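J.: sequence isn't available, so here's the structure alone:
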């Protein structure tokens, strides 16, 4: 198993379910419910899983009640064995987390970002990460993050992405322009998995009284209305 799946000085792994039950691992952390991260979980998985409330509910829906799942509250320190764990919002998809591990015996802190989308609020008060930032007005000694397990998928100078909010508002404006020209247009949002909820919900608010929207999904349709004659939002299961 790759070394970067282990959190140093602990018996914890993050998003390492594809390696089955790992000798020496006491806690399995799941950053979010996307297949490349939870692949390997099955209804008979015996390890202790740590994740968010949203991810727990998705796991229960997919694999039943047999899994041992522990919920971590955002921005709240939880003592697990001799390690203090704090979950942070990863701003990726519903339930996505970053993990901050503090090992008192080594006086070391490790940050695992999982998949995350940076936003300036992550480094401004009251985010717990501000505890690790230098303040020119203070001479106090700062705690240190010794290692960061960083999502570098788009960490390149060739990328210059707008903020998530700008993208959502831009898409809303495009949709609104088309609907003004032709109110009979059908709005279809493709959702192969979780992650587009903010986009869809923002689009719904100004349109719910006048227009019909269809969401195309492959899974998790029980949460939504599948009767196309009821309500202004319907789900079509992709086949």
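T.: Arrived safely, thanks for sending. What you see is a predicted model; the values in this text were computed from it and never measured.
J.: what sits against residue 52?
T.: 32, 71-72, 74, 87, 95-97 (Cβ atoms under 8 Å, 6 or more residues apart in numbering). Using the backbone N, CA and C atoms, a C-beta is placed for each residue, glycine as well.
J.: let me fix that: residue 60
T.: With Cβ under 8 Å, 6+ apart, residue 60 has these contacts: 67, 69.
J.: export the contacts of residue 52 to JSON lines and tack on distance to residue 169 and neighbour count?
T.: Converted to JSON lines, the contacts of residue 52 look like this (distance: Cβ to Cβ, whole Å; neighbours: other Cβ atoms under 10 Å):
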{"residue": "32", "distance to residue 169": "24", "neighbour count": "25"}
{"residue": "71", "distance to residue 169": "32", "neighbour count": "15"}
{"residue": "72", "distance to residue 169": "31", "neighbour count": "21"}
{"residue": "74", "distance to residue 169": "25", "neighbour count": "14"}
{"residue": "87", "distance to residue 169": "29", "neighbour count": "23"}
{"residue": "95", "distance to residue 169": "24", "neighbour count": "21"}
{"residue": "96", "distance to residue 169": "22", "neighbour count": "27"}
{"residue": "97", "distance to residue 169": "26", "neighbour count": "28"}
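J.: export those as a markdown table, with columns for pLDDT, distance to residue 170 and secondary structure.
T.: What follows is the contacts of residue 52, written out as a markdown table (pLDDT from 0 to 100; distance: Cβ to Cβ, whole Å; DSSP: H, G, I helix; E, B strand; the rest coil):
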| residue | pLDDT | distance to residue 170 | secondary structure |
| --- | --- | --- | --- |
| 32 | 96 | 25 | coil |
| 71 | 98 | 35 | strand |
| 72 | 98 | 34 | coil |
| 74 | 95 | 28 | strand |
| 87 | 98 | 31 | strand |
| 95 | 93 | 25 | coil |
| 96 | 96 | 23 | coil |
| 97 | 98 | 28 | strand |
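J.: tell me the buried residues in the lengthiest helix in the chain?
T.: Longest helix in the chain, counting residues (DSSP state H): helix 164-181. By neighbour count with 16 or more other Cβ atoms under 10 Å, helix 164-181 contains the buried residues 168, 172, 175, 179.
J.: for it, give the mean pLDDT please.
T.: Averaging pLDDT along helix 164-181 yields 85.
J.: and the following helix or strand past that helix with helix 164-181, angle?
T.: For helix 164-181, the succeeding helix or strand toward the C-terminus, using DSSP states H and E, is strand 187-191. Orientation check (axes from the mean of the first three to the mean of the last three Cα atoms, to 10 degrees): strand 187-191 against helix 164-181 gives 150 degrees.
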